[in-house]
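> build me a structure from this.
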Amino acid sequence: MSRIAATATLLLSATAVAGPSNRGLIPFGERAAMLGNAGITSPAGEAVYYNPANLARIGHPNLSVSGSTYMLYQLSVDPIVVLQGEDQKFEASGFVAIPSTVISTYQIGRLSLASAVLVPEALTFKNRLTFETSMARVTIIQNRQESQLWLGGGAALELADGVYAGVSVFAANTTESSYSYTRAQTGIDPVTQVTERTSSTDISVIGLTAIAGLQIQRGPLGIGARLHSPSIRLSGSGDNYSAASVVSQAMPAAQDTELEDVSVDRPLPIDAGVGVSYPATPALRLLADVNLQLGARLTTVDDPRLPTAESELNAAPRGALGMELEVATKKWLRAGFVVNRSALAEPDNADDAVREDYVGGTLGFAWQSGRTHTALGVFYLHGSIQTFVEGATPPREADATGRLFGGLFTVSYRL
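Take a look at the predicted model:
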């Protein structure tokens, strides 16, 4: 049953903006969020994350706020497990609100600066499911919370006419809290055995990460590049409690384990990208970003009391296409298309990690009134999920899909 509990949290790992398996999945930023995350050439406050070199192109002090991303998610795995010869289907859905960014930009001499508070992830997952056959009943209750807080800033400088460079540095705090309870009952009337398992985990990790960027602007044509460094762990610890009990006609058995201050990490590999912004007509601008996350072996648990936990990531190319059309004076229609490939290998059996590849689109409308720039939008992401059915003989893949969709709101004010 442990495989079922792990699969039920698929969407949490997939929807983490900074998560290494599907990095940059959720729409993020004041302008790029509605362009499919095509933000490497964007001269807006979001440049502190996408490409800090473009901070030097904003040209005026600015305060921008990306409001909540209101997201619905749906997950279907059919079947997830074979229980006493019967296929068991799994479905989950929910609603979360993801706060995004507060960014302030300003000028000191030739240097363009930005301070930023980024909250790319704040997810809550709750679920209860029951599998039942003529001879068994299994109930699983789960509660998981995960959030990230990035504090930092960036600086940029125009090195030559139309050539800009910049760098951003962030201290990132990742917190995770999870609880799961599983009750497996064998026999209905009478009950012959009941097995109960409970686990609780709390994790907090603080690390440093940096982003370097370059922008070349030749008239209306812009070409940008970014390099996101690996993260450096400053501190990280977790507490874990687990307990199991078996009640049967034989002698009852029970055990529990409690570990405190386990050494943990949430590392990120190197991620590099290039972007192009091109005006097809005076009213229409086209944008394209291509990112490549490099392969890496990441250690997430390194403590003498536990086996070392590592994850193997492959190189993962990801892309975004955006369109910005000025439909009237200071009014824009924005649309985007995104492809987000998982960095995990294709699974060979039920013990391998679950792989998720996503494609989707964004659509938004923006307008400027005086010094205020406002935008509203929506997004939809469809995930193709690869996982094997637990307990199936012979081994077979499950029919699994994930869907994410929601709304976007951003506002910026020219100071």
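
> show me where the stretch 201-350 of the chain has its helices.
Assigned helices in the stretch 201-350 of the chain: none (criterion: DSSP state H, counting those that start in this stretch).

> the strands in it, which residues?
221-228, 232-248, 253-263, 271-279, 284-293, 296-301, 309-313, 316-328, 331-340 (DSSP state E, counting those that start in this stretch).

> any regions of the chain where pLDDT drops low?
1-18, 67-70, 95, 97-99, 249-252 (pLDDT under 70).

> could you redo the last one with a cut-off of 50?
The model of the chain has pLDDT under 50 over residues 1-2, 10-18.

> can I get the strands of the stretch 201-350 of the chain in JSON lines including mean neighbour count and distance to Ile385?
In short, each C-beta sits where N, CA and C put it, glycine included. Compiled in JSON lines, the strands of the stretch 201-350 of the chain are given as follows (neighbours: other C-beta atoms under 10 Å; distance: least, C-beta to C-beta, whole Å):
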{"stretch": "strand 221-228", "mean neighbour count": "20", "distance to Ile385": "26"}
{"stretch": "strand 232-248", "mean neighbour count": "15", "distance to Ile385": "27"}
{"stretch": "strand 253-263", "mean neighbour count": "12", "distance to Ile385": "29"}
{"stretch": "strand 271-279", "mean neighbour count": "19", "distance to Ile385": "23"}
{"stretch": "strand 284-293", "mean neighbour count": "20", "distance to Ile385": "19"}
{"stretch": "strand 296-301", "mean neighbour count": "16", "distance to Ile385": "21"}
{"stretch": "strand 309-313", "mean neighbour count": "15", "distance to Ile385": "17"}
{"stretch": "strand 316-328", "mean neighbour count": "18", "distance to Ile385": "16"}
{"stretch": "strand 331-340", "mean neighbour count": "20", "distance to Ile385": "13"}
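
> these: which one's closest to Leu363?
strand 331-340 (5.1 Å; C-beta to C-beta).

> wait, doesn't Ala184 sit right on Met135?
No - look at Ala184 against Met135 with C-beta atoms under 8 Å: they stay out of range, at 11.6 Å.

> about what we covered before: reformat the strands of the stretch 201-350 of the chain as a markdown table; add distance to Thr139.
A markdown table is the format used below for those (distance: least, C-beta to C-beta, whole Å):
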| stretch | distance to Thr139 |
| --- | --- |
| strand 221-228 | 42 |
| strand 232-248 | 15 |
| strand 253-263 | 19 |
| strand 271-279 | 40 |
| strand 284-293 | 38 |
| strand 296-301 | 28 |
| strand 309-313 | 28 |
| strand 316-328 | 36 |
| strand 331-340 | 34 |
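
> can you say which of these is nearest to Ala156?
strand 221-228 (11.7 Å).

> pull the residues that contact the closest one.
40-41, 50-51, 53-54, 209-216, 268, 270-279 (C-beta atoms under 8 Å, 6 or more residues apart in numbering).

> repeat that with 6 Å
40-41, 51, 211-216, 271-278 (C-beta atoms under 6 Å, 6 or more residues apart in numbering).

> quick one: strands adjacent to it?
strand 193-218 (antiparallel), strand 271-279 (antiparallel) (DSSP bridges).

> got the angle for the shortest one vs strand 316-328?
It stands for strand 271-279. Note on geometry: by axes from the mean of the first three to the mean of the last three C-alpha atoms, to 10 degrees, strand 271-279 and strand 316-328 are set 30 degrees apart in direction.

> what's the angle from strand 271-279 to strand 284-293?
Using the same axes, to 10 degrees, strand 271-279 lies at 170 degrees relative to strand 284-293.

> please apply the same query to the first one.
Here the directions of strand 193-218 and strand 284-293 differ by 130 degrees (the same axes, to 10 degrees).

> and Ser64, bridged to which residues?
Ser64 has the following beta-bridge partners by DSSP bridges: Ile103, Ser412.

> next: Ala155.
Applying DSSP bridges, one finds that Ala155 bridges with Leu113, Val167.

> use 37 as the first number for this chain going forward.
Got it, the first residue is 37 from now on, which makes the last one we talked about Ala191.

> that one against Ala152, yeah?
No - the pair Ala191 / Ala152 is not scored as a contact, 11.8 Å apart, by C-beta atoms under 6 Å.

> higher neighbour count, these two?
Per other C-beta atoms under 10 Å, whichever of Ala191 and Ala152 has more neighbours is Ala152, with 21 against 18.

> for the helix or strand containing that one, buried residues please.
Element membership for Ala152 (DSSP states H and E) is strand 147-168. Neighbour-count burial for strand 147-168, counted by 16 or more other C-beta atoms under 10 Å, picks out 148-150, 152-159, 161, 163, 165, 167.

> nearest to Ile139 among the residues you listed?
Closest to Ile139, out of all of those and judged by C-beta to C-beta, is Ala152, at 4.6 Å.

> and the gap between the closest one and Tyr394?
Using C-beta to C-beta, to the nearest Å, Ala152 is found at 26 Å from Tyr394.

> same question for Ser148.
34 Å.

> ok, Ala191 next?
From Ala191 to Tyr394 the distance is 33 Å (C-beta to C-beta).

> do Ala436 as well
Counting by C-beta to C-beta, the gap from Ala436 to Tyr394 is 13 Å.
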